[in-house]
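**Student:** Quick one: sequence and predicted model below, then my questions.
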Amino acid sequence: AAPRRAPSTARPVTPRPHRPPRAVARTVVARTWKWVLSIVVLTAVILIEVALLRDEIARDIQVVMDAGRSGPTASDIPALPPVVPPAPTSAGPVTAVNLRGVEACTPGQSCAVRVQVLLQPQPEPQTVTWDFTVVDRCTGETTTAPGGTVTVPLGGDRADAVGTVAVPPGDALAVLVLTRAPAIAASSALPVPADGACGPHPAEPPG
């Protein structure tokens, strides 16, 4: 006898319903209209802001351009002459003299400064005496202001003190320390103010 075939268990394939093109178009439009509306609103806001701020933006640009034309440049500002110390930076037992501002110094006011004099140790006490020298870097005029005195014990290698110096008025000044004992030595210059510059001076009246 011929062999029997087993019954087929495959399920019939149900065809997917065909969606008309109009239904697909409506679906795409329903998903994208919100994005299109957002872009249109954002563009409208930007155009309104540009229209309202156009005059202000143009005015700010003009101000910046005018400032760039009329403002002083680095080449217009004369360079300050270097400050030459009135004495060497070391002499005898004095190995170095340092001067620092405790705070920002202003011309025409008293300025708090820190003075440090480094010494070679000696078998006996040393008396350190100093004055302040103020140089007007625009006119070259030099003035002297009182300093102070410190006694260093035997074997000591430095003298530290905090004091004040009367700074005269001026556009660009420099303050230095000049030791008188145990030897004459000078510190480097402390500019007052830190960003000083020589400005134009009014013409002198005819005599």
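**Tutor:** Noted; the coordinates are in hand.

**Student:** what's the first-to-last distance across stretch 99-111?
**Tutor:** Start-to-end span of stretch 99-111 (C-alpha to C-alpha, to the nearest Å) is 12 Å.

**Student:** got it, and stretch 117-133?
**Tutor:** 16 Å.

**Student:** what does that stretch rub up against?
**Tutor:** Stretch 117-133 is contacted by residues 86, 93-98, 115, 142-159, 165, 175-182, 185-186 when judged by C-beta atoms under 8 Å, 6 or more residues apart in numbering. Every residue, glycine included, has its C-beta placed from N, CA and C.

**Student:** again, only this time at 7 Å
**Tutor:** By C-beta atoms under 7 Å, 6 or more residues apart in numbering, the surrounding residues in contact with stretch 117-133 are 86, 93-97, 115, 142, 144-159, 165, 175-182.

**Student:** Can I have the buried ones of these as a PyMOL selection?
**Tutor:** The following PyMOL line selects those of the contacts of stretch 117-133 that are buried, judged by 16 or more other C-beta atoms under 10 Å:
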select buried, resi 93+94+95+97+115+145+147+148+150+152+159+165+175+176+177+178+179+182
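
**Student:** Counting only strands, which of the contacts of stretch 117-133 make the cut?
**Tutor:** In strands, judged by DSSP state E, the following of the contacts of stretch 117-133 are found: 94-97, 115, 142, 144-152, 158-159, 165, 175-181.

**Student:** what's across from Ala112 in the sheet?
**Tutor:** Per DSSP bridges, the residues bridged to Ala112 are Thr164.

**Student:** remind me which residues of the protein are low pLDDT?
**Tutor:** For the chain, residues meeting the criterion pLDDT under 70 lie at 1-31, 33, 49-50, 52-78, 199-207.

**Student:** cutoff 90 now
**Tutor:** Flagging of the chain using pLDDT under 90 yields the residue ranges 1-84, 103-105, 140, 194-207.

**Student:** isn't Gln116 right next to Ala161, touching?
**Tutor:** No - between Gln116 and Ala161 there is no contact under C-beta atoms under 7 Å: 8.0 Å.

**Student:** secondary structure class for Ser38?
**Tutor:** helix (DSSP: H, G, I helix; E, B strand; the rest coil).

**Student:** in a helix, that's where Ala44 is, yeah?
**Tutor:** Yes - membership of Ala44 in a helix is supported by three-state DSSP.

**Student:** So what's the residue count around it?
**Tutor:** Number of residues near Ala44 (other C-beta atoms under 10 Å) recorded here: 10.

**Student:** gap between it and Val84?
**Tutor:** From Ala44 across to Val84, the span is 69 Å (C-beta to C-beta, to the nearest Å).

**Student:** tally of neighbours for the nearest residue to Asp160 once chain neighbours are set aside?
**Tutor:** Leaving out its chain neighbours, the residue that sits closest to Asp160 by C-beta to C-beta, 6 or more residues apart in numbering is Gln116, at 5.2 Å. The tally of other residues near Gln116 (other C-beta under 10 Å) stands at 16.
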